[in-house]
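>>> requesting a structural model of the entry that follows:
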Amino acid sequence: MALAAVAALALPLSACGGQDGPDVTVEGAYMPQPVTDELAAGFLTVVNDGDRPARLTGVSSDLAARVTVHETVDGTMRPAASVDVPAGGRLTLESGGTHLMFEALTRRPVKGDTVTVELRFEDADPVTVDMPVRSATYTPSHHRH
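Numbering: from 1, shown residues only. Got it, this is the predicted structure:
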């Protein structure tokens, strides 16, 4: 009898777990203080602790009319329609690589401000990030393995 109750409880839990999809969080977000009134860049790391990949499909912020993900390929920036975050892995948006571009700024943020950004995913809930504005020359310390 107890075994049947445990089996009945396990079924809904496994069904829910399978539908939850990727487990996405964000760390290390920052924006260097923009040097123009038109454009800004944003950097962060998306961590996917889930067992399925996540696809970043959109970004928005009240700071800009448009926020896009840009990839740097052969030294040239180009917008990407979506970017994948591997299961059990991470996607690092960093200077010189894939990053966020804020276009047509509604205001020019300064060091000490916080910019709110929403990341949207194909198979995961949106993630809202408070991105601190750092000095224009700020460089995070990375410890690569």
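
>>> make it CA atoms for all contacts and neighbour counts henceforth
OK.

>>> neighbours around the residue nearest to Val129 when sequence neighbours are not counted, how many?
Of all residues not flanking Val129 in the chain, Val117 sits nearest, at 5.2 Å (C-alpha to C-alpha, 6 or more residues apart in numbering). Val117 sits with 20 neighbouring residues when counted by other C-alpha atoms under 10 Å.

>>> what is Val117 paired to in the beta sheet?
Ser61, Val129 (DSSP bridges).

>>> what residues does it make contact with?
59-62, 128-131 (C-alpha atoms under 8 Å, 6 or more residues apart in numbering).

>>> what does Ser82 give?
Neighbour list for Ser82: 55-58, 69 [criterion: C-alpha under 8 Å, 6+ apart].

>>> and it, how far from Arg90?
Ser82 sits 15 Å away from Arg90, going by C-alpha to C-alpha, to the nearest Å.

>>> pretty sure Thr92 contacts Asn48?
No - counting by C-alpha atoms under 8 Å, Thr92 sits too far from Asn48 to count as a contact (11.3 Å).
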